[in-house]
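> okay, sequence plus prediction incoming.
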Amino acid sequence: MFNTNTITRFQSLETPFYYYHLDVLRQTLEACRTASSKYGFHVHYAMKANFNPRVLDLIKEYGFGADCVSGNEVKAAIEHGFGKENIVFAGVGKSDKEINLALDADIFCFNAESVQELEVINELAKAKNKIAKMAIRINPNVDAHTHHFITTGLDENKFGINTWQLSDVAETLRKCTSLEFLGIHFHIGSQITDMEVYKNLCTRINEIQDWFEDRGFTIKVLNTGGGLGIDYQNPDTNTVADFESYFKVFKQFLNVKPGQEVHFELGRALVGQSASLISRVLYVKNGQKKNFLVLDAGMTELIRPMLYQAYHLIENVSQSGVISPESEVEKEATQDSELNTQDFIKYDVVGPICESTDCFQKDVELPESFRGDLIAIRTAGAYGEVMASGYNLRDRVGSIYSED
Ligand code: LLP
């Protein structure tokens, strides 16, 4: 992934920073656009995954809409040229200020997550003499078989309206004259790689849309959410998410009526492989039980491993571009070369933050590493830079782009 020129460039830069592989981003966006447009599906980019300005500009260029979860995301979508007709606003706790902002911006649709929220949006729209277009986020109780911290579509999750509340929803929609019902919305979780899960979601969506239509509602939009997973283990050999299989499942199993639009809200699958967190080894601590590589990046720059025990491939790019034996590319390369795997040492790769949990991964096999070596933490384009924090009064992490 990193050629000699790139490594030389990194050497002159202050670390840590996010390095954006814009070619990978383009390749991914192209693949998604090709696979979705085959069936006339609409994709809104889930901006929460990464709102880096360069990333947003490129995504907009490819014609995707924006899925926002805060007033500031709605503002950013508008500033980056996403048309108001291509902006949806989701979220379980929209404030009155945020709802008013989105009403003023005349966005395409609100995804409402409770009966009370429907009533509030109705009141705020009425006060502005506007009609708010609404999709109802329904919790379908479908297990996403993903990490429990990023599962959202089960009865015990806080998201969406449960199916036993649908009669209340129907009644509320009938009496709220400042709302226009557009359709139904679902999102069952993230990092989903088992297509069977999406097949089950389609079955539930079909049942729920029948329920609404039996009661005289017309459904114009079926929004199936996002969640498509990516390959964190093999970013170089499996770079682009399997958009073909993903959209095909919906084509096969979703009951789409004439005139209906099918919408998706993909985040991770569009941006995940497009960035690496680049850091330097500050100190090597060789102990009796453990060896530690102390990096200049920590949970303040990438919190996913600490928060969800998420795996990210870690490479020492300074050691002749050699990457860890866990990588598929490395396995292939070592078959012919005389690279000696005995030179690999197990390290706990940790950050500088004053928390024991500030560890990227334990027992990572890396070439013998030294103070000053550059370390790449791969597949950090989704929920990386956007989840950075200023804990310990750290500097804001920088961003560098392959095309500069
Ligand atoms: N739509 C809704 C309503 C969502 O809540 C999400 C993500 C998406 C779409 C986009 O999901 P994606 O395609 O990116 O899976 N911080 C966690 C992931 C949280 C996902 C939140 N919702 C992580 O780092 O794994």
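Yes, it's here. Quick caveat: nothing in here was measured; it's all calculated off a predicted structure.
> okay, now the residue in the stretch 301-404 of the chain that the ligand sits nearest to: neighbour count?
Closest approach between the stretch 301-404 of the chain and the ligand, counting by C-beta to the nearest ligand atom: residue 383, at 3.1 Å. Placement of C-beta: from N, CA and C, glycine included. By the criterion of other C-beta atoms under 10 Å, residue 383 has 23 neighbours.
> go on, residue 32?
Using other C-beta under 10 Å, residue 32 has 27 other residues around it.
> and residue 126, by the same measure?
Counted with other C-beta under 10 Å, the neighbours of residue 126 add up to 15.
> for it, give me its contacts.
177-178 (C-beta atoms under 8 Å, 6 or more residues apart in numbering).
> wasn't it part of a helix?
Yes: according to DSSP: H, G, I helix; E, B strand; the rest coil, the state of residue 126 is that of a helix.
> what's the spacing between it and residue 40?
According to C-beta to C-beta, to the nearest Å, residue 126 and residue 40 sit 35 Å apart.
> residues in contact with the biggest strand by length in the chain?
Looking across the chain with DSSP state E, the single longest strand is strand 275-286. Residues from elsewhere that reach strand 275-286 (C-beta under 8 Å, 6+ apart): 1, 10, 13, 15-21, 50, 291-297, 301-302, 317, 352, 369-381, 384-385, 397, 400.
> would you mind listing which of these are buried?
1, 10, 15-21, 50, 291-297, 301-302, 317, 352, 369, 373-381, 384-385, 397, 400 (16 or more other C-beta atoms under 10 Å).
> in helices, which of those residues fall?
The members of the buried ones among the contacts of strand 275-286 that map onto helices under DSSP state H are residue 10.
> so which of the buried ones among the contacts of strand 275-286 belong to strands?
Judged by DSSP E, those include 17-20, 291-295, 374-377, 400 as members of strands.
> my read is that residue 105 contacts residue 86, right?
No: counting by C-beta atoms under 8 Å, residue 105 does not reach residue 86; the two are 11.7 Å apart.
> tell me the residues of the stretch 101-250 of the chain that contact the ligand?
150, 187, 190-191, 225-228 (C-beta under 6 Å from any ligand atom).
> and the helices in the stretch 1-150 of the chain, which stretches?
4-11, 22-37, 53-61, 71-79, 96-104, 115-127 (DSSP state H, counting those that start in this stretch).
> can you pull the buried residues of the second one?
Using 16+ other C-beta under 10 Å as the burial criterion, the residues of helix 22-37 that qualify are 22, 24-25, 28-29, 31-32, 35-36.
> what of the last one?
Neighbour counts using 16+ other C-beta under 10 Å place 115, 117-118, 120-122, 124-125 of helix 115-127 among the buried residues.
> average pLDDT for that helix?
Helix 115-127 comes out with an average pLDDT of 97.
> how about the first one?
When pLDDT is averaged over helix 4-11, the result is 92.
> CA atoms only for that helix, dumped as CSV, please.
Listed next in CSV are the C-alpha coordinates belonging to helix 4-11 (Å, rounded to 0.1, in the frame of the first residue of the first chain):
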residue,chain,number,x,y,z
THR,A,4,9.0,4.3,-1.2
ASN,A,5,8.0,7.8,-2.3
THR,A,6,5.1,7.8,0.2
ILE,A,7,7.2,6.5,3.0
THR,A,8,9.8,9.2,2.3
ARG,A,9,7.0,11.8,2.3
PHE,A,10,5.8,10.4,5.7
GLN,A,11,9.3,10.7,7.1
